[in-house]
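*Asks:* Sequence and predicted structure are below.
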Amino acid sequence: MTDRPILASDKERESVVDVLRDAYTEGRLTLDEFEERTSAAYAARTWGDLRELTGDLPVEPVLGADLRHARAQSAAHGVVEPAGPPRQSRRDRPLGRLLPIVFAWIMISAAAGSPDTAAALSVVFICLLACRVGYGGR
């Protein structure tokens, strides 16, 4: 990491807000703390400002220097990280939410004596499952 202050990007501010939102839903922050820190995150100018907002939380946001530093350490130890898209958060994976709904429809239509509907929904379920596996199964 560098000694000079580095300006924060909008993506990095959003990363901090995601960490704060998760901490609030876990009960680590009160609503007032969450609102105060979220406002400060959107107003933050540097990475240091952003780190101060999450310093007392167990999960740190991912900032640009952290990625370069982690890759440099991995390369120094001979670990090669696979290239690929970054991991997606739960909010970025709507297909995973549809799977239990479609499965319930299949069970209901099968129990109601509608095998054609159950078969059609089974095809939809398999397609959704295949798309989810395409995201890496996360």
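*Replies:* It's in.
*Asks:* My guess is Leu129 contacts Leu99. True?
*Replies:* Yes: using C-beta atoms under 8 Å, Leu129 makes contact with Leu99 at a distance of 6.6 Å. (Glycine included, C-beta is placed from N, CA and C.)
*Asks:* Tell me the helices and strands packed up against the host helix or strand of Ala118.
*Replies:* In the assignment (DSSP states H and E), Ala118 maps to helix 115-134. The contact analysis (3 or more C-beta pairs under 8 Å, 6 or more residues apart in numbering; DSSP states H and E) places helix 115-134 against helix 94-111.
*Asks:* Output stretch 123-133 in PDB, but only the C-alpha positions, please.
*Replies:* C-alpha atoms of stretch 123-133 as PDB (Å, rounded to 0.1, in the frame of the first residue of the first chain):
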ATOM      1  CA  VAL A 123     -37.600 -27.800 -18.200                       C
ATOM      2  CA  VAL A 124     -37.600 -24.200 -16.900                       C
ATOM      3  CA  PHE A 125     -36.200 -25.400 -13.600                       C
ATOM      4  CA  ILE A 126     -33.300 -27.200 -15.400                       C
ATOM      5  CA  CYS A 127     -32.600 -24.200 -17.500                       C
ATOM      6  CA  LEU A 128     -32.400 -21.900 -14.500                       C
ATOM      7  CA  LEU A 129     -30.200 -24.400 -12.700                       C
ATOM      8  CA  ALA A 130     -27.900 -24.600 -15.700                       C
ATOM      9  CA  CYS A 131     -27.700 -20.800 -15.700                       C
ATOM     10  CA  ARG A 132     -26.900 -20.700 -12.000                       C
ATOM     11  CA  VAL A 133     -24.100 -23.300 -12.500                       C
END
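*Asks:* follow-up on the earlier one: of Leu129 and Leu99, give the one with the bigger neighbour count.
*Replies:* Leu129 (17 against 14; other C-beta atoms under 10 Å).
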